[in-house]
Structure formats: structure tokens, C-alpha cells
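[1] kindly return the folded structure for what I paste below:
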Amino acid sequence: MLTSLFASLLLFAQTTFIPPMTHEISLAGNFGEPRPNHFHGGLDLRTEGVEGKAVRAIGDGYVSRITVSMSGYGNAVYVTHPEGYTSIYGHLQRFSPRLESLLKKWQYEHEQYEADVRLTAVDCPVSKGQLIAFSGNTGYSFGPHLHLEVRETATWSMLDPLEFLGTYVNDSVAPKLHGIRVYPQRGRGVYCHSADVQELKEDGTAWGDIGIGIYADDYMQNSSNHYGIRLTQLFVDGKEVFRADVNGVPPSCNRMVNSWGDYDYYYRHSTWYLKSFIEPGNTLPILQGDVNRGIIHIGEERDYQLEYVLTDYFGNTLHHKFTIKGQQSEIPLPPKTSGTWLRWDQTNVVSLPGMQLVVPKGFLATDVAIQPSVPESQQSQTYQFTKQSCPLLYDAELSIAVRGLVNDSSKWYIVCHYGKDLFLEGTFHNGWVTSRVRDLGGTYELMYDDTPPEVIARHTTGNDNGTIRLELKDLQSGVKSYKGYVDGQFVLFQPQPKSSLITCRLSDTPLRRNGQQRRLRVVVDDNCNNRQTYETTINY
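    Residues are numbered from 1 along each chain as shown. Take a look at the predicted model:
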């Protein structure tokens with residue numbers, strides 16, 4: 001009987017796509033690799049260490065979207081296919097001339113650099129193999145490559161692109177297992193007479209309820225990269241108690257990767273141990289367990305025979321067997337935890353003077369202990385829930401009361417201090433500022449910003465390409481948007497990666513050089529809608 005891993009191939013058999021580039025496919029990353037707060041949604045295709053490789057549509061369809069961002073995909077193209085799928089091409093250097101023209105038209109109509117161009121089926125049809133862009137390193141990328149995704153258009157679920165392009169990839173290397181950890185269930189089990197999570201021991205004993213987690217990777221020949229495992233199965237005494245088949249992820253379940261993985265361990269060691277049991281609030285459809293959700297009950301004094309079967313997309317398989325000895329042992333009561341327990345199966349309301357946090361039912365994968373506190377400060381309104389990262393499945397609601405009177409209530413916002421300051425957009429109502437929070441780690445503070453951003457000229461010239469370079473600074477809520485005009489005509493400024501600089505090459509704008517003095521005006525708004533207008537004279 002076919003497993004879902006291989007049966008799923010039949011579902012996509014009638015769809016024929018081709019690789020997006022003409023050179024041999026080599027993967028830098030595969031579908032479903034666990035990352036903090038999300039799964040890797042596609043394939044990372046090597047581009048031989050350079051930018052500028054031609055990128056082509058993998059199938060017939062039409063360009064439905066063009067996006068430009070300094071984060072995420074960077075420059076990206078979306079192609080919608082008649083078979084019911086949409087392919088996404090990310091981190092692009094630039095677009096084909098036809099798409100570049102559509103993009104520039106949108107940017108000038110909307111007077112902004114970052115873009116989200118939506119197109120209809122008649123605006124830009126493409127055929128299989130047609131040039132659409134050139135590979136690059138834009139957005140959240142750390143080296144030249146092409147990020148390719150395939151989504152189900154109707155549901156926007158992420159699918160494994162190897163289902164469509166697997167025949168173009170060579171892989172004969174099986175996964176490898178690097179480590180196993182045992183998770184005694186709180187108040188219900190012990191391992192080696194302890195309720196602590198531990199590494200598997202050769203002669204380890206257990207009693208009560210335990211879970212198992214593994215650190216494992218897949219590999220391919222002629223590559224030093226490691227990849228995510230497509231199919232994980234755990235058997236106890238020959239019976240399957242857990243499986244994870246990473247063949248597709250609904251977008252609403254992306255953050256559940258933090259529950260499948262041991263997030264606390266990853267937070268400390270940057271290594272993912274993936275649990276072979278399912279926490280009660282985790283509804284990831286790729287995870288399947290027995291009636292105990294993969295939790296193993298050790299209730300007899302005997303050897304329990306366990307086996308992991310790890311299989312990649314191509315059927316390369318690793319079998320790993322090990323034994324846990326059942327030995328009767330006292331199971332201690334859970335230690336009393338000071339603070340507050342948030343329950344996964346109910347709505348939680350946490351209140352401190354001047355603060356309220358609402359975490360609805362289903363926003364946690366399991367119960368979480370927090371210690372709400374007000375750090376010592378006489379001048380600011382700050383609140384802390386836990387001292388380390390504690391991500392939620394969905395955004396909770398945090399409200400902080402405003403003390404005293406201010407001139408403009410719209411200037412209030414909430415900031416999260418955690419490594420770097422993160423602006424959280426808030427709404428003011430009846431003396432409270434409310435925002436959405438996705439992690440209970442860090443310190444949350446109510447702040448007020450009525451100071452406009454600062455614009456600093458770093459380089460303005462009428463020579464060469466007429467390059468204008470400005471630095472935008474805002475030490476409070478942060479820059480939200482900017483627009484540039486020369487003699488009242490909009491010109492496009494482009495942000496520079498990982499800096500506060502913006503640059504405009506006048507030779508790339510509709511403006512034509514006449515050698516005359518011109519008036520440059522740049523309007524900058526911050527996240528609290530404070531505006532700064534910078535004006536100067538240039539020659540071009």
C-alpha cells in the first residue's frame with residue numbers, strides 16, 4: 001500500500017512544469033525546513049554563486065503579481081497557472097523588460113518604491129519557458145540564489161515544488177539522524193528517574209508517559225548542505241505512533257513549526273529537535289499521531305523496541321532502532337511555578353496596573369507559564385511577561401493605559417524591546433493604546449512620538465547619472481514612507497539594503513537633463529505620521 005508520500009505523486013502527475021533555469025538544478029534548501037516562526041516555503045536553487053541568471057516561467061499561465069520589498073522575497077514574480085497552482089520566484093535581481101515596464105508604471109502612479117502590482121489574466125500572459133526575470137540576492141537573502149515556491153491558488157497552501165520538478169533533481173543519499181531527546185510529560189512520566197528532558201542514553205529507563213524528539217537532516221550528493229526530512233515515522237513495538245509528511249503547509253499553520261520543534265532548545269543552541277508527538281493545540285495537518293498523539297506510555301517492566309524511519313522525497317531511507325527499558329519509578333508531582341499559567345484551551349486575560357493582555361483560546365499549542373512584571377522605572381510604562389522568547393501561534397492583543405494628557409493621542413505607540421526595538425502599530429481608544437503581539441518575550445513599553453524624522457544629504461550631484469543620496473533618521477517610531485519630487489515631478493528613490501540611505505539616479509527617471517537648476521523636495525513620514533520636508537537646489 002502506497003504511503004501518502006508516494007501516493008501524493010499521483011495527484012500532481014498531470015501537471016508538467018519545467019525548471020526555472022537552464023543549468024542543472026542544485027538545491028541550497030528544500031521545502032518544509034523548520035525555521036523560527038515558519039517553514040521554508042519552497043526550494044532554494046543555486047545560481048552558481050552569481051546574480052543575473054535568466055529565470056523562466058515553469059509553466060503556462062499569466063503574471064498575476066509583481067512585488068518589491070526590502071525584506072521577505074525582495075523582488076518577486078507570481079505566475080498563476082491554469083492547473084490551479086501559482087509559482088513564486090523570489091530574491092530576483094531585476095525583471096524582464098515587459099515586467100519592469102509594468103512595475104515602473106505602478107511605482108510612479110502610486111509614488112512609492114516598495115510595490116505590490118496585481119495583474120489580471122489578460123495583462124501579462126506567459127508561456128512555459130518564457131523569460132520573466134533574472135536571479136539575484138534581494139530581500140531576506142544571504143547569498144545569490146533563486147527561491148521557488150508553488151502554492152495552491154485557491155487555498156494558498158504551500159506545496160513541495162519537488163512534486164512538480166523532482167524528475168530534474170538527482171539524489172541518492174539517505175537522511176542522517178544526529179541525536180534523540182526524551183521528553184517526560186509533566187507530572188506523568190520520568191526518564192532515568194528524572195522529569196527533565198534528556199538526551200537518549202544507551203541503557204536509559206523510563207516510566208509513565210514520555211515523548212521522543214530527533215535532530216536529523218537530509219543530504220544530497222555533491223553538496224555540503226543539509227535539508228529537511230520529508231517523511232518521519234516513529235514505531236513502538238512495530239506499531240506506528242507518529243508520522244510527519246511534509247508535503248504541504250496551510251499558511252495559517254506556519255507558526256506551528258515552533259510547537260513541532262523544540263523551540264526552547266533551538267533558542268539556546270540554534271538546532272532543531274523535532275518532536276515525534278503532537279502538543280494539544282497544534283493542528284498542523286502534516287502531523288499524524290495515534291490516539292495518544294505520539295505520546296508513549298511505559299507501563300510495563302520490559303524492553304520497548306522503538307524505530308525511526310526517515311525518508312526523503314526520492315525514497316532514500318534511514319532505519320534507526322533503539323530500546324527504552326521500562327522500569328517502575330516514582331513520578332514526581334510537577335514543581336510549583338510562581339507566576340501565571342496560560343491555558344491553550346481557554347481564553348487567557350492577564351492584567352497588571354495599566355496593562356491588559358488577551359490570549360484567546362487556540363493561540364497556544366500547550367500551557368505556558370509566564371511571570372508578568374513591571375520592571376523598575378519611574379518614567380515609563382513597561383511590562384514584561386517572560387525573559388526569553390515565547391512565540392504565539394497567532395497574534396494576541398496587548399493594551400496599555402495612557403497616563404496624563406497629551407496633545408495628540410495618535411502619537412502613542414507600543415514598542416517591543418528585544419534585541420532590537422520593534423515598532424508595534426497601536427490604536428488609541430478611551431485612554432488605552434492597543435496593539436497586536438506575536439511573542440511574549442522582551443519588554444513592552446508605551447511611547448509617544450511627535451518628533452519628525454531627520455533628512456541628511458549624503459551626496460547630491462548633477463554630474464554623471466544625477467545621483468541623489470539621502471540618509472533618513474528617526475530614533476523613535478521609525479520611518480514609514482518617503483516621496484521625492486524634482487520641480488514638482490515625482491522621482492523614484494530606492495532604499496539601500498541594511499542602511500538608512502535612499503538613492504535616486506535621475507537618469508533612470510522620466511526627468512530629462514537640461515543643465516539647469518532644479519528644486520528637489522523630499523517628504524518623509526514616520527510611523528506616527530510626523531512629517532519632515534527636505535528641500536534643496538540641484539543641477540541636472
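
[2] quick check: next helix or strand after the helix or strand containing Val117?
    Following DSSP states H and E, one finds Val117 within strand 115-118. Downstream of strand 115-118, the next assigned helix or strand under DSSP H and E is strand 125-126.

[3] starting at the chain centroid, how far to that next one?
    How far strand 125-126 lies from its chain's middle: 29 Å, per Cα atoms, centre = their mean, to the nearest Å.

[4] can you tell me the strand partners of it and which way each runs?
    Sheet partners assigned to strand 125-126 using DSSP bridges are listed as strand 61-68 (antiparallel).

[5] packing partners for the helix or strand following the partner strand?
    Heading C-terminal from strand 61-68, the first helix or strand you meet, by DSSP H and E, is strand 75-80. Counting contacts by 3 or more Cβ pairs under 8 Å, 6 or more residues apart in numbering; DSSP states H and E, strand 75-80 is packed against strand 61-68, strand 85-95, strand 131-135. In this view, the C-beta of every residue, glycine as well, is placed from N, C-alpha and C.

[6] relative to strand 75-80, how tilted is the second one?
    Comparing the axes of strand 85-95 and strand 75-80 via axes from the mean of the first three to the mean of the last three Cα atoms, to 10 degrees yields an angle of 150 degrees.

[7] strand 85-95 pairs with which strands?
    By DSSP bridges, strand 85-95 pairs with strand 75-80 (antiparallel), strand 131-135 (antiparallel), strand 145-152 (antiparallel).

[8] out of these, flag the one nearest Pro497.
    Across the strands paired with strand 85-95, Pro497 has its closest neighbour in strand 75-80 (11.8 Å, Cβ to Cβ).

[9] circling back to that earlier point, out of the strands paired with strand 85-95, flag the one nearest Ala216.
    Using Cβ to Cβ, the nearest of the strands paired with strand 85-95 to Ala216 is strand 145-152, at 23.5 Å.

[10] longest helix in this protein, please.
    Secondary structure of the chain read by DSSP state H shows that its longest helix is helix 97-110.

[11] on that earlier part again, show me what the strand holding Val117 packs onto, helices and strands only.
    strand 61-68, helix 97-110.

[12] among those, which is nearest Phe39?
    Closest to Phe39 of those, according to Cβ to Cβ: strand 61-68, at 20.0 Å.

[13] and the angle from the closest one to helix 97-110?
    Orientation note: strand 61-68 sits at an angle of 50 degrees relative to helix 97-110 (the same axes, to 10 degrees).

[14] so what's the gap between strand 61-68 and the chain middle?
    Relative to where its chain is centred, strand 61-68 has its mean C-alpha point 21 Å off (Cα atoms, centre = their mean).

[15] all strands for the stretch 101-250 of the chain, in order.
    Remark: strands assigned in the stretch 101-250 of the chain by DSSP state E, counting those that start in this stretch are 115-118, 125-126, 131-135, 145-152, 158-159, 176-191, 198-199, 205-217, 231-236, 239-245, 248-249.

[16] what strands flank the fifth one, and is each parallel or antiparallel?
    Strand partners for strand 158-159, identified by DSSP bridges, are recorded as strand 145-152 (antiparallel), strand 248-249 (antiparallel).

[17] what's the neighbour count on Tyr191?
    Counted with other Cβ atoms under 10 Å, residues neighbouring Tyr191 total 26.

[18] equivalent analysis for the one 4 residues further on, please.
    Here the number of neighbours of Ala195 (other Cβ under 10 Å) works out to 19.

[19] could you tell me which residues make contact with it?
    Neighbour list for Ala195: Pro184, Arg186, Gly187, Gly189, Ile331, Pro332, Pro334 [criterion: Cβ atoms under 8 Å, 6 or more residues apart in numbering].

[20] how close does the nearest residue to the fifth one once chain neighbours are set aside sit to Ile298?
    Same thing as Ile331. Take Ile331 and drop its neighbours on the chain: the residue closest to it by Cβ to Cβ, 6 or more residues apart in numbering is Gly208, 5.0 Å away. As defined by Cβ to Cβ, to the nearest Å, Gly208 lies at a distance of 6 Å from Ile298.

[21] which residues do those two both contact?
    Common contact partners of Gly208 and Ile298 (Cβ under 8 Å, 6+ apart): Gly189.

[22] check the gap between the residue lying closest to Asp487 once chain neighbours are set aside and Leu511 for me.
    Nearest residue to Asp487, sequence neighbours excluded (Cβ to Cβ, 6+ apart): Arg518, at 5.2 Å. Distance, Arg518 to Leu511, by Cβ to Cβ: 8 Å.

[23] before we move on, what about Glu51?
    Separation of Glu51 from Leu511 (Cβ to Cβ) stands at 28 Å.

[24] repeat that for Val197.
    Distance, Val197 to Leu511, by Cβ to Cβ: 63 Å.

[25] contact partners for Gly41?
    Gly41 is in contact with Phe31, Glu149, Met158, Val249, counting by Cβ under 8 Å, 6+ apart.

[26] again but with Ala154, I slipped
    Going by Cβ under 8 Å, 6+ apart, Ala154 touches Gly84.

[27] any chance of the backbone angles for it?
    Per-residue torsions, Ala154: phi -70, psi -40 (degrees, to the nearest 10).

[28] of the contacts of Ala195, keep whichever come out buried.
    Neighbour counting over those (16 or more other Cβ atoms under 10 Å) leaves Pro184, Gly189, Ile331 as the buried ones.

[29] save the residues you listed as CSV, and put in pLDDT and distance to Tyr304 too.
    As requested, the buried ones among the contacts of Ala195 are exported to CSV (pLDDT from 0 to 100; distance: Cβ to Cβ, whole Å):
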residue, pLDDT, distance to Tyr304
Pro184, 98, 14
Gly189, 98, 13
Ile331, 96, 17
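
[30] before we move on, the earlier item: closest one to Val433 among the strands paired with strand 85-95?
    Among the strands paired with strand 85-95, strand 75-80 sits nearest to Val433 (Cβ to Cβ), with 33.8 Å.

[31] so for the closest one, mean pLDDT?
    For strand 75-80, the mean pLDDT works out to 98.

[32] what about that strand, distance to the chain center?
    The chain centre lies 18 Å from the centre of strand 75-80; the measure is Cα atoms, centre = their mean.

[33] and the contacts of it?
    Residues from elsewhere that reach strand 75-80 (Cβ under 8 Å, 6+ apart): 55, 57-59, 61-69, 86-95, 99, 121, 126, 132-133, 136, 138-139, 153.

[34] contacting residues for the residue nearest to Asp487?
    By Cβ under 8 Å, 6+ apart, the contact list for Arg518 reads Val486, Asp487, Thr537, Ile538, Asn539, Tyr540.

[35] same check, this time on Pro184
    So Pro184 contacts Val190, Tyr191, Ser194, Ala195, Asp196, Val197, Ala206, Gly208, Asp209, Ile210 (Cβ under 8 Å, 6+ apart).
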